[in-house]
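[1] quick one: sequence plus predicted model below, questions after.
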Amino acid sequence: MSTLTDPRPATARSGGPLHGLTWLVWRRNRTAFLLLAAVTVVVCGYCLYYRAGVLDFVAQYGNDIRYSEKFDKAYKEVFDRIYVLSNLPALLGIFLGAPLIAGEQEHGTVRLATTQSVSRTRWIAATVGLPLLAALVSTTLISVAFTTLWSPANQLVNYGDWLGGTIFDITGPVPVALALFLTSCGIAVGMLVRRVVPAMVLTLIAATGTSIAMDRLRTALTTPHTVTGPASHDFPAIPDSAINYDQWLGTADGRLLGWGTCVDAKNEAACQSDLGIVHKIVEYFSLDQMAGMQWRGAGILLVLTALIVAFIVQWTRRRPL
C-alpha cells in the first residue's frame with residue numbers, strides 16, 4: 001500500500017535496479033531518458049554500420065589527404081548527419097537539465113518531496129545524479145562510436161580539419177564534459193528561475209555562450225609548433241595532418257610581421273630587404289596534440305561542472321525550494 005512517505009508502488013519498492021528516489025526521478029523523466037537511450041543506440045549502430053565502408057575506402061586509397069575530395073563525394077552525407085550530434089550537449093541541458101527541478105517547483109511537487117522523511121541531500125543527489133549519469137553514459141558511447149568511425153580516415157574527413165570545431169567537439173572526452181557541464185547548468189538555472197520555459201531559454205543562451213567560448217578556447221589549450229624557413233623561399237611545409245594556425249615574417253632583430261607585409265610591393269624581395277625580413281615562420285598544431293588539447297578542455301569543463309553541482313547541493317540544502 002502506498003503512503004505519503006513512500007509513494008512508490010510495491011513492485012518498485014521490492015527490488016530492481018531502480019528503487020526509492022532513483023525510481024521516482026526515472027519515473028518523472030522517463031520520456032527524456034528513453035529518448036536519449038534510443039538516440040544512443042541508433043547513433044552507435046549508424047557509426048558501426050558505415051565504419052566498414054570507411055575502412056574499405058582507406059584500404060583501397062589510404063588515409064591520404066590527396067583523396068579527400070573522392071572521400072567527400074562518397075561519405076560527406078554520412079558524416080554531415082552525425083555532425084548534428086554536436087548539439088546534443090546543449091539539448092541535454094535544455095530539455096533534460098532545465099526542467100528537472102524547475103518543473104517540480106512550478107508544479108509544487110518539490111515541497112512534497114522535501115517534507116518527507118528523506119533528507120534534502122539524498123533527494124538532490126538522486127535528482128541530479130541520475131540525469132548526469134545518463135548524460136555521461138550516452139555521450140561516452142556516442143563519442144567512442146564516432147571516434148572509431150572517424151579515426152581511420154582522419155586525414156580524409158573534412159579534408160583533415162580536426163580543429164575546426166565539429167570533429168574536436170564530438171570525439172574524445174570533450175562531448176562528455178560538455179554534456180555534463182550544460183546539463184548541470186540547466187539544472188542550476190531551473191532551480192534559480194523556478195519556471196521551465198524561462199529556464200530552457202536561459203540554458204539555450206548559456207549553451208550558445210559555451211559554444212563561442214569553446215571556439216576561442218581550443219587554440220589556447222596548447223602551444224603551437226613553429227617551423228622556420230628563409231625569406232627567399234616559400235613558407236615552410238608542415239605535416240599533412242597538421243592545422244596551419246598562423247604565418248609570420250621574421251626580421252633579423254626578432255620582430256614578427258604579418259605574412260602579407262610585402263605582398264603588394266612592386267618588388268617583394270626589395271621590400272623584405274628594406275624591412276630586415278630574413279625568415280618565414282609557420283605556426284601549426286599537429287594531430288598528436290589533439291588528445292592533450294581535448295583533455296585539457298574537458299578538464300576545465302569538468303571542474304566547472306563540479307562547482308555547479310556543489311552550488312546546487314548547497315542551495316537546495318540551505319534555501320527554501
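    On my side now, so go ahead. Computed from a predicted structure; not experimentally measured.

[2] SS state for residue 249?
    strand (DSSP: H, G, I helix; E, B strand; the rest coil).

[3] need the contact list for the residue nearest to it when sequence neighbours are not counted.
    Spatial nearest neighbour of residue 249, excluding adjacent residues (CB to CB, 6 or more residues apart in numbering): residue 257 at 4.4 Å. In short, each C-beta sits where N, CA and C put it, glycine included. Residues near residue 257 by CB atoms under 8 Å, 6 or more residues apart in numbering: 248-251, 275, 277.

[4] not counting sequence-adjacent ones, nearest residue to residue 183?
    Nearest non-adjacent residue to residue 183 (CB to CB, 6+ apart): residue 97, at 4.1 Å.

[5] can you report how many residues neighbour the one you found?
    32 (other CB atoms under 10 Å).

[6] next one: it from residue 130, what distance?
    12 Å (CB to CB, to the nearest Å).

[7] with residue 242 instead?
    Distance from residue 242 to residue 130, by CB to CB: 42 Å.

[8] same check, this time on residue 169
    In terms of CB to CB, residue 169 sits 25 Å off from residue 130.

[9] quick one, which of those two is more surrounded?
    residue 169 (23 against 20).

[10] could you pull out the strands for this protein?
    Remark: strands assigned in the chain by DSSP state E are 225-230, 243-251, 256-258, 277-285.

[11] roughly how far is the third one from the heart of the chain?
    Same thing as strand 256-258. Mean-position distance between strand 256-258 and its chain equals 34 Å (CA atoms, centre = their mean, to the nearest Å).

[12] please apply the same query to the second one.
    Between the mean C-alpha point of strand 243-251 and the mean C-alpha point of its chain there is a distance of 29 Å (CA atoms, centre = their mean).

[13] what mean pLDDT does it get?
    Averaging pLDDT along strand 243-251 yields 92.

[14] relative to strand 225-230, how tilted is it?
    Put simply, strand 243-251 runs at 40 degrees to strand 225-230, going by axes from the mean of the first three to the mean of the last three CA atoms, to 10 degrees.

[15] in its sheet, what does strand 243-251 sit against?
    Strand pairing for strand 243-251, using DSSP bridges, gives strand 256-258 (antiparallel), strand 277-285 (antiparallel).

[16] try the first one
    Next to strand 225-230 in the sheet, as set by DSSP bridges, lie strand 277-285 (antiparallel).

[17] run through the chain and note the low-pLDDT ranges.
    The model of the chain has pLDDT under 70 over residues 1-20, 107-118, 165, 319-321.

[18] could you chop it up by domain?
    Following automatic domain parsing, one finds the domains of the chain at 19-221+289-318, 225-287.

[19] tell me which of the strands of the chain lies nearest to residue 271.
    When the strands of the chain are compared by CB to CB, strand 277-285 sits nearest residue 271, at 8.0 Å.

[20] now residue 285: how far from residue 161?
    11 Å.

[21] list the residues that are in contact with both of these two.
    By the contact definition CB under 8 Å, 6+ apart, residue 285 and residue 161 are jointly contacted by residue 243.
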